[in-house]
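J.: Here's my sequence, what's the structure:
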Amino acid sequence: MKLATFNINGVKARIGALSDWLQEKQPDVAMLQEIKSVDEAFPRQHFEDMGYSVETHGQKGFNGVAFLSRLPLEDVTRGLPGDDTDEQARYIEATVIGETRPVRMGCLYLPNGNPAPGPKYDYKLAWMERLHARAKALLALEEPALLAGDWNVIPQAEDAARPEAWRDDALFRPETRAAFRRIETLGFTEAFRARMRGPGHYSFWDYQANSWERDNGIRIDHLLLSPQAADLMRDAWIDRELRGREKPSDHVPVWVELDA
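T.: Alright, predicted model coming up:
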């Protein structure tokens, strides 16, 4: 089972690039963030014609998450538990039925949090506390599960080409990294780092200041696996080359392959 997380930065703006990638790479499930579309305006038929079932949790012009799946999806839920007043579309969850076993998937678009400190940063940290609670609930199932998406977290200095430039940014502040570690140390395995160590591995390059050309990137798209999912992991990697294509997202896909 090949699962990928991809912040597409506007599904309508990137529909060509997204379709090309789906045809080339054939993920079993693509977990999308920042679709920037309400549910009824999502180009569902286009992806269904490509062989994917579609589940969305959208919002006009901002945020939004989705599953594109070639495998059956069950028990789809929308929204991160813990705050009934939160109207931002940042979380969707489902069970994908693999050939040998099911896997529970949480697809997330974690708040950016800038400027920090401030109300947006407070929202980010509160959202991460809610995610911590959901992560504990997923672990309690004692089944293969993962939390994947655009975390808007730079976990370590080696995950940025120029860490000094991010010192006071909401993505790299100590409180952000500590909140990420609290989730990870519940018992999750960060898939990419389980396969690849060292600096120079990024999933995001800003559109400004020739960041791609200068390889001034950061790694903020992550897949966290429950112990049962980590036992099934065959490989994990980043589709770096997509960033150099025409009309790309500023993110690239991050993958995990599971024996499921």
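
J.: rest of the way, CA atoms for contacts and neighbours
T.: Fine.

J.: name the helices or strands packed onto the biggest helix by length in the chain?
T.: Ranked by residue count, the top helix of the chain under DSSP state H comes out as helix 119-140. Here helix 119-140 touches strand 145-150, helix 174-184, going by 3 or more Cα pairs under 8 Å, 6 or more residues apart in numbering; DSSP states H and E.

J.: which other residues reach the shortest one?
T.: Think strand 145-150. 5-7, 31-33, 103-110, 135, 138-139, 220-226, 228-229 (Cα atoms under 8 Å, 6 or more residues apart in numbering).

J.: Around Gly244, count how many other residues there are.
T.: The number of residues packed near Gly244 is 13, by other Cα atoms under 10 Å.

J.: what does Trp212 give?
T.: Trp212 sits with 16 neighbouring residues when counted by other Cα under 10 Å.

J.: so it touches Tyr202, yeah?
T.: No - counting by Cα atoms under 8 Å, Trp212 does not reach Tyr202; the two are 10.3 Å apart.

J.: mind listing what Ala126 touches?
T.: Ala126 neighbours (Cα under 8 Å, 6+ apart): none.

J.: how near is it to Ala133?
T.: 11 Å (Cα to Cα, to the nearest Å).

J.: Can you pull the phi and psi angles for the spatially closest residue to Val256 that is not a sequence neighbour?
T.: The spatial neighbour of Val256 that comes closest, neighbours along the chain excluded (Cα to Cα, 6 or more residues apart in numbering), is Ala236 at 4.3 Å. As for Ala236, its main-chain torsions (degrees, to the nearest 10) stand at phi -150, psi 140.

J.: and what of Leu223?
T.: Main-chain torsions, Leu223, degrees, to the nearest 10: phi -120, psi 120.

J.: The spatially closest residue to it that is not a sequence neighbour bridge partners, please.
T.: Sequence neighbours aside, Ala148 is the residue nearest to Leu223 in space, at 4.3 Å (criterion: Cα to Cα, 6+ apart). For Ala148, the beta-bridge partners under DSSP bridges are Cys107, Leu223.

J.: Which pLDDT value goes with Ala148?
T.: pLDDT, Ala148: 98.

J.: now it: how far from Leu225?
T.: Counting by Cα to Cα, the gap from Ala148 to Leu225 is 9 Å.

J.: and these two? which has more neighbours close in?
T.: Neighbours per residue (other Cα under 10 Å) separate Ala148 from Leu225, with Ala148 holding more: 28 against 25.

J.: Quick check: the gap between Val11 and Gly198.
T.: Taking Cα to Cα as the measure, Val11 falls 32 Å from Gly198.

J.: Comparing those two, which residue is more hemmed in?
T.: Each of Val11 and Gly198 had its neighbours counted (other Cα under 10 Å), and the higher figure belongs to Val11 (21 against 8).
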